[in-house]
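A.B. asks: Let's see this in three dimensions:
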Amino acid sequence: MSDRDLIDFSVWREMDEDITDEQEKQAALEASQEAIAELAEEEDVDVEWVRTDVLEDPDGDVDCAYCHYRAPSQDAIEEHSERAGLPVTKLTRLDDQLDREAVE
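C.D. replies: Numbering: from 1, shown residues only. Below is the predicted model:
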């Protein structure tokens, strides 16, 4: 699959665990990477993890992760999340991205 066949997706995950805890972050990352490897091997589906931002509300009640992935379809992202045991609170396709280079 070529790079052009991959679509950018954002995944908002409201986590049950304290995702700000270093061990929980590492466990989530390892589960995600294992699911990516399984999909590539078993289904010949490319899913790329781009980055994850870990967020905590001011009261510390809800921990969330905002993840950016690239994949051929929304179904691939959903399958990845299921295999990794990670929740999907909201899944959207990314249209365009702005960064500092856009204003320079």
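A.B. asks: Tell me how far the helix or strand of the chain at the bottom of the mean pLDDT ranking lies from the chain's centre.
C.D. replies: Counting by mean pLDDT, DSSP states H and E, the chain has its least confident helix or strand at helix 100-103, which shows a mean of 74. With Cα atoms, centre = their mean, to the nearest Å as the basis, helix 100-103 stands 24 Å off its chain's centre.
A.B. asks: cool, stretch 48-56 as well?
C.D. replies: 6 Å.
A.B. asks: contacts for that stretch?
C.D. replies: 6, 8, 19-20, 25, 29, 32-33, 36, 62-71 (Cβ atoms under 8 Å, 6 or more residues apart in numbering). (C-beta placed from N, C-alpha, C; glycine too.)
A.B. asks: Filter the residues you listed down to just the buried residues.
C.D. replies: 6, 8, 19, 25, 32, 36, 63-65, 67-71 (16 or more other Cβ atoms under 10 Å).
A.B. asks: just the strands in the chain please.
C.D. replies: 7-15, 48-56, 63-71, 90-93 (DSSP state E).
A.B. asks: Please produce CSV containing these, extended by distance to E101 and mean pLDDT.
C.D. replies: What follows is the strands of the chain, written out as CSV (distance: least, Cβ to Cβ, whole Å; pLDDT from 0 to 100):
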stretch, distance to E101, mean pLDDT
strand 7-15, 17, 93
strand 48-56, 16, 90
strand 63-71, 17, 92
strand 90-93, 22, 96
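A.B. asks: could these be laid out in TSV, adding distance to V103?
C.D. replies: Written out in TSV, the entries for the strands of the chain read as follows (distance: least, Cβ to Cβ, whole Å):
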stretch	distance to V103
strand 7-15	20
strand 48-56	20
strand 63-71	20
strand 90-93	24
